[in-house]
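Novice: Return atomic coordinates for the entry below.
(chains A and B)
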Amino acid sequence: MTVHYDDIDVNEDILLDLPFREGTGAITQDVAKPHHPVDLIGAPTWTPLASNLMTLNLDGATQYLECAGADCADLDFTTHSYSIWGWLNWTVDDFSQILIARYELDQSGWELYLTNVGALNYLSLRHHHGGTRTAGYSLGWTPGVDWFFGVVRWGTGVFMIRNNVQVTVTTSVGGLQNPGTCNEDLVIGTRYTKDNNFLKGMLWRPRVAGGAGLSGIITPNRFNQVYVREGVWF
Amino acid sequence: MKVFNSVDLSDIDDQLDDIEDRLILIDADLIIIDNEVGQIHTVVNAIQAMTDSLPILTETGGTLTTDGTAQTIYINNAPDGVYKPICIMIDFANQTVTETTVVRELYRIITGGALSVHDEYEFIGVVDDPIVKIDLSPNRFGIQVTIEKTVGTNRDYDWAVFYEATP
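Specialist: Numbering: from 1, shown residues only, chains lettered A, B, ... in the order given. Next up is the predicted model:
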């Protein structure tokens, strides 16, 4: 018996899925239907875990992943719901590190990033629009730990899952506003200008789903199924 | 004045005794049900362990522009376990009479070994049935498919690969 990728519940509205199976080289393949071409910049390190699962390790200095804006227009979420999920293990270096983003500061798009302030470790989803930005964040993303993260934008709300637990999210007054239309590159591990906020640490299988109405929303139950299935590898 | 209780409670007492007996039986049944639920959990966990380990039929692909070197179309350099690629399809529709390309299928069959050529396919000029399908074999230590333009102009080649893998 074989399970078919597109028949799995969680993949219903999937737009980007990078399982990092190559294990070498400067290109990683998107196994979601859009086949986004994603380049590895600065030679991130292909690093197998003890389970032999292949991951990517970014150095927090120069390494990141990118997909040209023209090749990922389907990730330009404005009014639509969307979800982002995967695994991370970060090391505090730059106090603010981009996980995955497609944005221009204060103008357009979305970004998911980690921040360390003293003992507080944030994961934030931020929208950029009309000269400003709005955000939702959760706390407790301790560095040096393998975390499963699941983030959902639904209207003005943000929902976050850490491992198998839904965590408290604090949002800007009025909630998340619609981001402006964005033409920037998709970046993983750095800011949109690709010169700062580099991610330092392990990343495995970042995924993005999105769509109109309720599509693009991954429920906590589905995130939990993914966590249970994939957690054995970490 | 002497007061008599005009209600005889003996029937109610009997019924309460019956209820108490039945509650004891229900308690016993609940213990049995608890045990059975526990067994069901065990079976469900076992089933989940099996379904979680089922391979997922997955596809990826893209477009590669040749540059005159041996370029990787598809690679899994270090599978996390036994791995089952199925096939790769390459579209030669853009190849003209002036081009020659070579597609190579490589495998690593021992840990730490080299990716070595298993087969080599040369395509000269226009390919009449432009989508070429190459069957791929199971492996544990690595697989790679490359394309090299040896003669002519650099062209775009669409490709898709299918494989089964966990997770």
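Novice: any idea where the helices of chain B begin and end?
Specialist: With DSSP state H as the criterion, chain B has helices at B:10-52.
Novice: so what are the domain limits for it?
Specialist: Domain assignment for chain B by automatic domain parsing gives B:8-54, B:56-165.
Novice: Can you tell me the element A:W87 falls in?
Specialist: Using DSSP states H and E, A:W87 sits in strand A:81-90.
Novice: Rounded mean pLDDT for that strand, please.
Specialist: Averaged over strand A:81-90, pLDDT sits at 98.
Novice: likewise stretch A:107-124?
Specialist: Stretch A:107-124 carries an average pLDDT of 98.
Novice: picking up where we left off before, show me the one of the domains of chain B that comes nearest chain A.
Specialist: With CB to the nearest CB as the measure, domain B:56-165 is the member of the domains of chain B nearest chain A (3.5 Å). C-beta coordinates here come from the backbone N, C-alpha and C atoms, glycine included.
Novice: Show the end-to-end separation of the closest one, please.
Specialist: 5 Å (CA to CA, to the nearest Å).
Novice: And whichever residue of chain A sits closest to chain B, how close does it get to A:M160?
Specialist: With CB to the nearest CB as the measure, A:G23 is the residue of chain A nearest to chain B, at 3.5 Å. Counting by CB to CB, to the nearest Å, the separation of A:G23 from A:M160 is 30 Å.
Novice: same thing with A:G231?
Specialist: Distance of A:G231 to A:M160, computed by CB to CB: 17 Å.
Novice: okay, these two: which has more neighbours?
Specialist: Remark: of A:G231 and A:M160, A:M160 carries more neighbours, 25 against 16, as counted by other CB atoms under 10 Å in any protein chain shown.
Novice: The more buried one bridge partners, please.
Specialist: A:M160 forms beta bridges with A:V151, A:V167, as assigned by DSSP bridges.
Novice: How confident is the prediction for it, by pLDDT?
Specialist: A:M160 is assigned a predicted lDDT (pLDDT) of 98.
Novice: So it sits against A:V169, correct?
Specialist: Yes - in terms of CB atoms under 8 Å, A:M160 counts as a neighbour of A:V169; the distance is 5.2 Å.
Novice: what sits in contact with each of these two?
Specialist: Counting by CB atoms under 8 Å, 6 or more residues apart in numbering or on different chains, the contacts common to A:M160 and A:V169 are A:G136, A:S138.
Novice: Any idea which residue is closest to the centre of the chain?
Specialist: All of this is about chain A. A:I100 (4.4 Å; CA atoms, centre = their mean).
Novice: please go with chain B instead
Specialist: Central residue of chain B (CA atoms, centre = their mean): B:I56, at 1.8 Å.
Novice: That one pairs with what?
Specialist: A:V3, B:A165.
Novice: which residues touch it?
Specialist: Listed by CB under 8 Å, 6+ apart, the contact set of B:I56 reads A:T2, A:V3, A:H4, A:Y5, A:I8, B:E164, B:A165, B:T166, B:P167.
Novice: and these as JSON lines, adding distance to B:P138, pLDDT and neighbour count?
Specialist: Conversion of the contacts of B:I56 to JSON lines gives the following (distance: CB to CB, whole Å; pLDDT from 0 to 100; neighbours: other CB atoms under 10 Å in any protein chain shown):
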{"residue": "A:T2", "distance to B:P138": "14", "pLDDT": "82", "neighbour count": "10"}
{"residue": "A:V3", "distance to B:P138": "17", "pLDDT": "91", "neighbour count": "15"}
{"residue": "A:H4", "distance to B:P138": "19", "pLDDT": "94", "neighbour count": "11"}
{"residue": "A:Y5", "distance to B:P138": "18", "pLDDT": "95", "neighbour count": "20"}
{"residue": "A:I8", "distance to B:P138": "22", "pLDDT": "91", "neighbour count": "15"}
{"residue": "B:E164", "distance to B:P138": "9", "pLDDT": "95", "neighbour count": "18"}
{"residue": "B:A165", "distance to B:P138": "11", "pLDDT": "89", "neighbour count": "20"}
{"residue": "B:T166", "distance to B:P138": "13", "pLDDT": "83", "neighbour count": "17"}
{"residue": "B:P167", "distance to B:P138": "18", "pLDDT": "76", "neighbour count": "17"}
